[in-house]
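J.: What follows is a predicted protein model with its sequence.
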Amino acid sequence: MSQKVKVAGWIAVGALAGALTTVSLQTVARGTMAPLPLEELQQLAAVFSMIKSDYVEPVDDKKLITDAISGMVSSLDPHSQYFDKKSYKEFREGTTGRFVGVGIEITQEDGLIRIVSPIEGSPADRAGLKPGDLITKVDDTAVKGLSLSEAVKRMRGQPGTKVVLTIFRKDESRTFPVTITREEIRTQSVKAKEVEPGYAWVRLTQFQERTVEDFVTKVNELYAKDPHIKGLVLDLRNDPGGLLDAAVAISSAFLPAGSTVVSTDGQIPESKAVFKAEPQDYMRRRGVDPLKTLPPALKTVPLVVLVNEGSASASEIVAGALQDHKRATLMGSQTFGKGSVQTVRPLGPDTALKITTARYYTPNGTSIQARGIVPDIMIDDTAEGSPFAVLRMRESDLDKHLAGTNETKDPALEKEREEALKRLEAESRKPASERRPPEYGSAKDFQLQQALAKLKGQPVKVSTTLVERKVEPKTE
């Protein structure tokens, strides 16, 4: 599918708040403060005063201060952020996985809103909405021409309020309205099923507060159905990250007790830490060890982990830990390369600061910042190859990203991207049905089929085009 025209999000969330972030949550602000540079603060006050007195139009005090804080924080790196009241609320919704809406996963495709799937048990699910349905109107507003975020905003609202979605169902050639009552939705960040007899697939879409408990529930259901699972695929493709403790817990589910999962290092003492596969390192306000009920077989079941350029941060922690301990075979493409940890510190009841406080390192002491994790076996997106992989954004492409070790730019990369853009332009002219990628976990999921082949000891179709995006030493 065209990279230019496809965007995905959850109704009532929009951009996922944990995206590309390994987050450590703190309930109180730090009490210590660094010495203040008085001369520079006097200049800031002077600029504030000049704007208030001389600018062509009156400017609100709160807006000036808020924008000054936002600019100061955003200049640090791509992942530090000041949360005002609205963005802080959205961030907390993203990490808890709870929000008010109708309960559908959607994409924007050629200006239209297509339903990927309704969330099980949600108002949309109960209303009979189906994958592939197109939303043409939200109440009286046509969707054509709206951005995804604008469409999401119109579908948001208070619990108990109603929204009318006009649906076009292509296979029935009919358009019809559906009235849905909004309610609080809890997203499922874990999907799982037995894809073939004896072989299971577990997909993590994000590391949220409920991810560990949902993971345990899904895995126990798999083993209750088949106690003799011969192989498991852990799917971390396009998992943008989330909570650090959840990543440590998921890693611990597969690793021997006491194994190092990840270490962090930064300027302040609390950023210097080693997290191991031990309950005290992942329980975080949980009363009992959530992994206690997992079947012992999970520690030894043959394991393949699927990753790609969209696997970032917390998912890279899991992939790196399982790779370093040789607990799993990593397959797919080189990961995003976000090797930093953000801490969220409240500034008041409704505002907070998300600030990068540490770099993290895999158990072997490797920093993946701006480089990513290289799979053991490179696998293309499809049987035909990965024609658009070079266009996918990675950490090293972001402005102001933390530099990796001896990082430099690949001069051939821009030429590859120009060629890929030409292919993408030609692809975008095809009908949408021909550009739609197979659903993850389906029988047409090429990478999943290669992972299953690996687990069965069968030949794997290794990529002949994907290569590691290396970090070369800088030359003076």
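T.: It's in.

J.: Flag every buried residue along stretch 359-371.
T.: R359, Y360, Y361, T362, P363, S367, I368, Q369, A370, R371 (16 or more other Cβ atoms under 10 Å). Bear in mind the C-beta positions are built from the backbone N, C-alpha and C, glycine included.

J.: In the residues you listed, find the pair that's most separated.
T.: P363 and A370 (19.7 Å; Cβ to Cβ).

J.: from the buried residues of stretch 359-371, which single one is nearest Q208?
T.: Distance to Q208 across those (Cβ to Cβ) is lowest for Y360, with 19.0 Å.

J.: if I look at the residue nearest to the spatial centre of the chain, how far off is R98?
T.: Within the chain, the residue whose C-alpha comes closest to the C-alpha centroid is P240; the distance, by Cα atoms, centre = their mean, is 1.8 Å. P240 sits 18 Å away from R98, taking Cβ to Cβ, to the nearest Å as the criterion.

J.: Which residue ranges of the chain form helices?
T.: 38-54, 61-74, 85-96, 123-126, 148-155, 211-225, 244-254, 314-324, 413-428, 432-435, 446-456 (DSSP state H).

J.: among those helices, which is nearest L353?
T.: Comparison of the helices of the chain against L353 by Cβ to Cβ identifies helix 61-74 as nearest, at 6.7 Å.

J.: by contact count, what packs against the closest one?
T.: helix 38-54, strand 81-83 (3 or more Cβ pairs under 8 Å, 6 or more residues apart in numbering; DSSP states H and E).

J.: try it again with 7 Å
T.: Packed against helix 61-74 by the contact rule (3 or more Cβ pairs under 7 Å, 6 or more residues apart in numbering; DSSP states H and E) you find strand 81-83.

J.: Could you list the paired strands of the strand it packs on along with their orientation?
T.: In the sheet, strand 81-83 lines up against strand 352-361 (antiparallel) (DSSP bridges).

J.: can you dump the C-alpha coordinates of the partner strand into PDB?
T.: C-alpha atoms of strand 352-361 as PDB (Å, rounded to 0.1, in the frame of the first residue of the first chain):
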ATOM      1  CA  ALA A 352       3.900  17.200  32.800                       C
ATOM      2  CA  LEU A 353       7.400  17.000  31.200                       C
ATOM      3  CA  LYS A 354       8.500  13.900  29.300                       C
ATOM      4  CA  ILE A 355      12.200  14.100  29.200                       C
ATOM      5  CA  THR A 356      15.000  11.900  27.900                       C
ATOM      6  CA  THR A 357      16.900  10.700  31.000                       C
ATOM      7  CA  ALA A 358      18.900   7.700  29.900                       C
ATOM      8  CA  ARG A 359      20.300   5.700  27.100                       C
ATOM      9  CA  TYR A 360      19.600   2.000  27.300                       C
ATOM     10  CA  TYR A 361      21.900  -1.000  26.500                       C
END
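
J.: Now do it: everything it contacts.
T.: By Cβ atoms under 7 Å, 6 or more residues apart in numbering, the list of residues contacting strand 352-361 from outside reads 22, 73, 76-77, 79-83, 88, 262-266, 268, 271, 317, 339-347, 367, 369.

J.: if we go to 8 Å?
T.: 21-24, 73, 76-77, 79-83, 88, 91, 262-268, 270-273, 317, 339-347, 367, 369, 402 (Cβ atoms under 8 Å, 6 or more residues apart in numbering).

J.: What of stretch 172-188?
T.: 10-13, 97-103, 119-120, 122-124, 127-129, 136, 156-169, 208, 210, 214.

J.: picking that back up, make a markdown table out of the buried residues of stretch 359-371 and add distance to E221.
T.: Below are the buried residues of stretch 359-371 laid out as a markdown table (distance: Cβ to Cβ, whole Å):
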| residue | distance to E221 |
| --- | --- |
| R359 | 37 |
| Y360 | 32 |
| Y361 | 34 |
| T362 | 31 |
| P363 | 30 |
| S367 | 37 |
| I368 | 33 |
| Q369 | 37 |
| A370 | 39 |
| R371 | 37 |
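
J.: Surely D324 touches I368?
T.: No: the criterion here is Cβ atoms under 8 Å, and D324 misses it with I368 at 11.0 Å.

J.: anything in contact with each of the two?
T.: Common neighbours of D324 and I368 (Cβ under 8 Å, 6+ apart) are T362.

J.: And this structure, what are its domain boundaries?
T.: 102-186, 190-341+359-456 (automatic domain parsing).

J.: Pull the distance from the shortest one to the chain's centre.
T.: Just to be clear, that refers to domain 102-186. Put simply, domain 102-186 sits 22 Å off its chain's centre (Cα atoms, centre = their mean, to the nearest Å).

J.: One more: stretch 273-292?
T.: With Cα atoms, centre = their mean, you get 22 Å for stretch 273-292.

J.: Make 59 the first number, not 1, from now on.
T.: Sounds good: first residue 59 from here, last item stretch 331-350.

J.: Verify the stated contact: V270 with S309.
T.: No: if you go by Cβ under 8 Å, V270 and S309 don't touch, sitting 10.9 Å apart.

J.: Mind giving me the PyMOL select for the contacts of stretch 230-246, buried ones only?
T.: For the buried members of the contacts of stretch 230-246, the matching PyMOL selection, counting by 16+ other Cβ under 10 Å, is:
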select buried, resi 68+69+70+71+155+156+157+158+159+160+161+177+180+181+182+185+187+194+214+215+221+223+224+225+226+266+268+272
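
J.: can you tell me which of the contacts of stretch 230-246 are in strands?
T.: Of the contacts of stretch 230-246, the ones assigned to strands by DSSP state E are 68, 156-159, 194, 220-227.

J.: Nearest to V363 among the residues you listed?
T.: Nearest to V363 among those, with distances taken as Cβ to Cβ, is W68, at 24.3 Å.

J.: Please work out how many residues are found near P404.
T.: 16 (other Cβ atoms under 10 Å).

J.: where does the stretch 409-534 of the chain dip in pLDDT?
T.: In the prediction, the stretch 409-534 of the chain carries residues with pLDDT under 70 at positions 444-452, 454-455, 457, 462-495, 527-534.

J.: Can you get me a residue count around V399?
T.: V399, neighbours per other Cβ under 10 Å, totals 25.
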